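1. my questions concern the predicted model and sequence given below.
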Amino acid sequence: MLGLVLLVTGCGERGMPTKADRSSSHQSGPADRKVEPTSAARPASDPPGRGPQTIPGMNADAVAAIFLKPGLECFEPVDRDVLYACSSEDNHDLPLLYDGKITGSDTDLVSTVWARVARECSGDFGLASQPFFGLLSTQLEYRGADKNEAYEFVSRNLDSTRANTTIGAAEWTITTSRNSKTLLITPEK
């Protein structure tokens with residue numbers, strides 16, 4: 001009987017249901033390295049008065065799949081609101097450290113996407129971080145997403161100390177310190 005329940009509900013490699021198993025999607029989670037973006041993410045929002053705001057139409061599995069493209073590894077951390085945490089820490093082929101985090105209450109209820117590029121050496125940091133942030137800006141899908149506007153915002157502000165804009169249903173913020181650049185995408189205010 002237990003085998004039938006596991007077969008019907010689906011389990012990740014550790015025997016626990018993955019984020020994808022808990023959603024209505026039939027994709028594998030990034031921990032299985034088989035995440036493929038959906039062609040049309042469903043709009044999502046929190047019921048009035050419950051939980052954090054979400055970015056309508058954004059899907060955590062699709063975002064994790066974008067993080068996998070440049071060589072990051074993604075996993076499902078123990079933190080309650082973190083759907084996926086991704087890092088290039090173990091990929092020594094990449095010249096910089098790339099990190100990403102997707103938070104929310106479920107696969108289709110994403111509240112933030114956080115991406116960071118960090119360095120330990122000198123060089124043109126803005127130019128070196130552009131491919132990673134450029135990839136995110138052209139691949140993220142949600143209600144009102146505009147890849148051209150997002151790419152222009154990222155490219156124009158890579159050397160800004162802080163810049164923000166609203167694109168569709170999401171607020172984009174870039175911050176730069178001496179050794180890192182961070183892109184934060186949150187629900188429109």
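-> Thanks, I have it. Numbers count the residues shown, from 1 in each chain.

2. show me where the protein has helices.
-> 2-9, 19-22, 60-68, 125-139, 147-157 (DSSP state H).

3. looking at the ones you listed, which is buried most?
-> helix 60-68 (a mean of 26; mean count of other Cβ atoms under 10 Å). (C-beta placed from N, C-alpha, C; glycine too.)

4. of all the helices of the chain, which one comes closest to Gln53?
-> Closest approach to Gln53 among these (Cβ to Cβ): helix 60-68, 15.2 Å.

5. and the residue nearest the centre of this structure?
-> Nearest residue to the geometric centre of the chain (Cα atoms, centre = their mean): Val63, 4.1 Å.

6. contacts only, for it.
-> The neighbourhood of Val63, defined by Cβ atoms under 8 Å, 6 or more residues apart in numbering, consists of Tyr84, Gly100, Ile102, Val110, Val113, Leu140.

7. next, the buried residues of stretch 138-146.
-> By neighbour count on 16 or more other Cβ atoms under 10 Å, the buried set for stretch 138-146 is Gln139, Leu140, Glu141, Tyr142, Arg143, Ala145.

8. widest-spaced pair of the residues you listed?
-> Across the buried residues of stretch 138-146, no pair lies farther apart than Gln139 and Arg143, at 15.5 Å, counting by Cβ to Cβ.

9. any chance you could map the strands in the protein?
-> 73-75, 82-87, 97-106, 109-118, 162-167, 170-176, 180-187 (DSSP state E).

10. now do the third one: everything it contacts.
-> It refers to strand 97-106. Under the contact criterion Cβ under 8 Å, 6+ apart, strand 97-106 has outside partners 19, 22-23, 46, 51-52, 54, 60, 63-64, 67, 70-72, 74, 81-89, 110-120, 132.
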